[in-house]
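Chemist: Coordinates for the following, if possible.
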Amino acid sequence: MERSEKKRRYDETLAAVVLVLVGIGLVLLYSTSAYNGSVKFHDPFYYLKKQGFATLLGLLGMVIIARIDYHRWVPFAIPGYLAAIALSVAVLLFGDEYNGSKRWLSLGPLSFQPSEFAKVAVILFLACLVSRYSRRMGKFKTMVLMMLPVLPIVGLVGASNLSTAIIILGIAVVLIFVASPKYSQFIWMGAAGVGFMAIFLAMESYRLERIAIWQHPEKYEKGYQTLQGLYAIGSGGLFGRGLGNSVQKLGFLPEAQNDMIFSIICEELGLIGAGIIILLFLILIWRFFVIATKAVDLLGALIASGAMAHMMIQVILNIAVVTNTIPNTGITLPFISYGGTSVMFLLMEMGLVLSVSSLIE
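Modeler: Numbers count the residues shown, from 1 in each chain. I've put the predicted structure just below:
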């Protein structure tokens, strides 16, 4: 019997962990945002309803994409990447600015964050490109040529969203690393990357200011959010205050439902609850790794590796920012932070990985 005629078997562990994270995310989002929604919009369910609608769209997209053979997306890789560049240019020209960041495009009553689409577009585009030239990946010249197409989107996204640019760059490096037989060449790539980041940070004074705030948050007005987040983490202790009993979310920690939601998790659920959330992400990353190693071809392995890199980098960056381990970069916690565009495209990305897992014998 042909593979296409066989009943598809998806990675059940991956699907289960995704659904658990989505469910926990909605509960935690409501707990964190109810006060803010009541004060700003006279509706404690305001953020939950918007996130819930985006989640339903994302789950529908995940189911549909999972049922489609991932090879069928290859012809859309280049158009998708060009669309990501076009949308990033549109953000710079016509984007809406919220809290000092220009990251959104408005489509009537709906707002859309193109950088979230760009992450998925880069994974598919680079997976197709690298798998096509896999036999030449041992040459340093080929590795550089693979990176060049990614730099425009990194630059465009980085102009308004440095954290997402770092994630996209990280995804690209991981995909090239996975396909390369020679690892010593990455020393030079790493050195070039550090140099690029140093120049990029020095180009804008506000980026250098973020480093100063990170080192001494108590000396700057903009360090207020960081300090309040740390107070929330410290007050949670081992078992937390209990779900819904956070004090910091009552106006002390600004926009707690966004990037800083992990600090409220620590306050309400304590170290134990935060540890369970981290464990779920580790299981998710482990399943990506398993799917990548067992994939039927390099394209599938690269798609799973790209999703693994995306999840790993984003989770690490978010938790590192919340704990003030690195300067504040404004990055969300996958599936849990408020952000409709983010959760929708994340779920579609999960559908792509599930499609890869369905062809594994």
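Chemist: residues in contact with the closest residue to residue 230 other than its chain neighbours?
Modeler: Among residues not flanking residue 230 along the chain, residue 324 sits closest, at 6.2 Å (C-beta to C-beta, 6 or more residues apart in numbering). C-beta: built from backbone N, CA, C; applies to glycine. Shown in contact with residue 324 (C-beta atoms under 8 Å, 6 or more residues apart in numbering): 214, 217, 226, 229, 230.
Chemist: Can you convert the residues you listed into TSV and add a column each for pLDDT?
Modeler: Putting the contacts of residue 324 into TSV (pLDDT from 0 to 100) gives the following:
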residue	pLDDT
214	75
217	76
226	86
229	89
230	90
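Chemist: rewinding a little: does the residue nearest to residue 230 sit in a helix, a strand or a coil?
Modeler: Put simply, residue 324 is coil when judged by DSSP: H, G, I helix; E, B strand; the rest coil.
Chemist: circling back to that earlier point, which ones among the contacts of residue 324 are found in helices?
Modeler: Cross-referencing those against helices under DSSP state H gives 214, 226, 229, 230.
Chemist: out of the residues you listed, who's nearest residue 307?
Modeler: residue 229 (27.8 Å; C-beta to C-beta).
Chemist: before we move on, which element is the closest residue to that closest one other than its chain neighbours in?
Modeler: Counting by C-beta to C-beta, 6+ apart, residue 229 lies nearest to residue 263, which is 3.9 Å off, once chain neighbours are set aside. Under the criterion of DSSP states H and E, residue 263 resides in helix 261-294.
Chemist: Please name every helix or strand in contact with that helix.
Modeler: Under the contact criterion of 3 or more C-beta pairs under 8 Å, 6 or more residues apart in numbering; DSSP states H and E, helix 261-294 touches helix 12-41, helix 224-236, helix 298-322, helix 340-358.
Chemist: Out of the ones you listed, which one sits most buried?
Modeler: Mean neighbour count (mean count of other C-beta atoms under 10 Å) peaks for helix 340-358 among the helices and strands packed on helix 261-294, with a mean of 25.
Chemist: helices or strands up against that helix?
Modeler: helix 12-41, helix 46-66, helix 114-132, helix 261-294, helix 298-322.
Chemist: Just to check, residue 36 is in contact with residue 45?
Modeler: No: contact between residue 36 and residue 45 fails when scored by C-beta atoms under 8 Å: they sit 11.6 Å apart.
Chemist: The stretch 51-200 of the chain: helices as residue ranges?
Modeler: For the stretch 51-200 of the chain, helices defined by DSSP state H, counting those that start in this stretch occupy the ranges 77-94, 114-132, 140-147, 150-158, 162-179, 185-202.
Chemist: Quick check: which of these is nearest to residue 302?
Modeler: Of the helices of the stretch 51-200 of the chain, nearest to residue 302 by C-beta to C-beta is helix 114-132, at 3.8 Å.
Chemist: now the closest one: mean pLDDT?
Modeler: For helix 114-132, the mean per-residue pLDDT is 92.
Chemist: Next, work out how far apart the residue nearest to residue 229 and residue 233 are.
Modeler: Per C-beta to C-beta, to the nearest Å, residue 263 is found 5 Å from residue 233.
Chemist: what touches both of the two?
Modeler: In terms of C-beta under 8 Å, 6+ apart, residue 263 and residue 233 are both contacted by the residues residue 322.
Chemist: Report the contact partners of residue 269.
Modeler: If you count contacts by C-beta under 8 Å, 6+ apart, then residue 269 has 236, 239, 240, 243, 276 around it.
Chemist: Which one (most neighbours) among these?
Modeler: Using other C-beta atoms under 10 Å as the neighbour test, the contacts of residue 269 are led by residue 236, with 25 neighbours.
Chemist: I figured that one was touching residue 275, is that so?
Modeler: No: Residue 236 is not in contact with residue 275 according to C-beta under 8 Å; the separation is 11.5 Å.
Chemist: Pull up the overlap in contacts between these two.
Modeler: Contact with both residue 236 and residue 275 is made by no residue, according to C-beta under 8 Å, 6+ apart.
Chemist: and the top strand by length along the chain, what does it pack onto?
Modeler: As assigned by DSSP state E, the longest strand anywhere in the chain is strand 101-107. With contacts taken as 3+ C-beta pairs under 8 Å, 6+ apart, strand 101-107 sits against helix 77-94, strand 96-98, strand 110-112.
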